[in-house]
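A.B. asks: dropping a prediction and its sequence here:
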Amino acid sequence: MGRMLELLREGDRRTTAGSAEAARWARANPRDAAELVDLLAYRIAAVRMRAADALEKASAQNTALLAPYKALLLDLAEDTMQPELRWHLAQLLPRLDLDAEEVRDAASLFLRWYKRDSSAVVRTFVLQGLMDLTRQDHGLLAETEAVTIQALASPTPSLKARARKVKLELDRLKADPGD
């Protein structure tokens, strides 16, 4: 058993036990990042969730950690039904070095998740992920704006709050598209 699995296997799906330490290890050692990526397919859902959390935390400071796993992460995003993976993938995919077609494909996937996923957390992170992709491809502006308007009318406080922030980002982007 790898040391990442040892860190991430304790607790239920409500805990992130060990994910902060796993993220620190992954930032310091790319082999640990590889183990985290492997654990995204582990048989226990809580381990998959913690591995995704750790990978998200590690890549927030070093997006290059994700580069070797681009194809795997894109495939996982297409296939996963686990909400915890979806919300982390909504954060991870915009950090990848995506070509124009991959940006549009990721945005299309996020739009499907937004429409069909019942998790407010998934929908909240998807909204931000759409905004992150829109910064890369301004052609997504209209779709992201439409989702943001829907989210502003949501009864879910976290989604509504994120929508207000995204709306400000969209307004800035429209005012200065050179950003």
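C.D. replies: Good, I have the coordinates.

A.B. asks: and the protein, what are its domains?
C.D. replies: Segmentation of the chain into domains, based on automatic domain parsing, reads 1-70, 98-179.

A.B. asks: hmm, who's touching stretch 28-36?
C.D. replies: 2-5, 22, 25-26, 51, 54-55, 58, 65, 68-69 (C-beta atoms under 8 Å, 6 or more residues apart in numbering). Heads up, the C-betas are built off the backbone N, CA and C, glycines and all.

A.B. asks: among those residues, which ones are buried?
C.D. replies: Burial by neighbour count, 16 or more other C-beta atoms under 10 Å: within the contacts of stretch 28-36 this picks out 4-5, 22, 25-26, 51, 54-55, 58, 65, 69.

A.B. asks: will you turn the residues you listed into TSV that also has distance to residue 101?
C.D. replies: Output for those, formatted as TSV (distance: C-beta to C-beta, whole Å):
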residue	distance to residue 101
4	32
5	35
22	32
25	34
26	28
51	28
54	29
55	24
58	27
65	23
69	19
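
A.B. asks: so of the residues you listed, which ones are in strands?
C.D. replies: For these, not one is inside strands, with DSSP state E as the criterion.

A.B. asks: identify the farthest-apart pair in these.
C.D. replies: The largest separation in the buried ones among the contacts of stretch 28-36, counting by C-beta to C-beta, is between 5 and 65 at 18.2 Å.

A.B. asks: wait, residue 147 touches residue 114, no?
C.D. replies: Yes. Here residue 147 lies in contact with residue 114, judged by C-beta atoms under 8 Å, at a distance of 5.8 Å.

A.B. asks: now the common contact residues for those two.
C.D. replies: 127, 130.

A.B. asks: output the lowest mean pLDDT helix or strand found in this structure.
C.D. replies: In the chain, the helix or strand scored least confidently by mean pLDDT, DSSP states H and E is helix 3-8, which has a mean of 89.

A.B. asks: so what touches it?
C.D. replies: Residues outside helix 3-8 that contact it (C-beta under 8 Å, 6+ apart) are 17-19, 21-22, 25-26, 32, 35-36, 39, 42, 46-47, 50-51, 54.

A.B. asks: all helices for the protein, in order.
C.D. replies: Residue ranges of the helices in the chain, as given by DSSP state H, are 3-8, 19-28, 30-39, 45-61, 70-79, 83-92, 100-116, 120-136, 141-152, 157-175.

A.B. asks: for the longest one, packing partners?
C.D. replies: Contact here means 3 or more C-beta pairs under 8 Å, 6 or more residues apart in numbering; DSSP states H and E; on that basis helix 157-175 packs against helix 120-136, helix 141-152.

A.B. asks: if anything else comes up later, I'll come back, but that's it for now.
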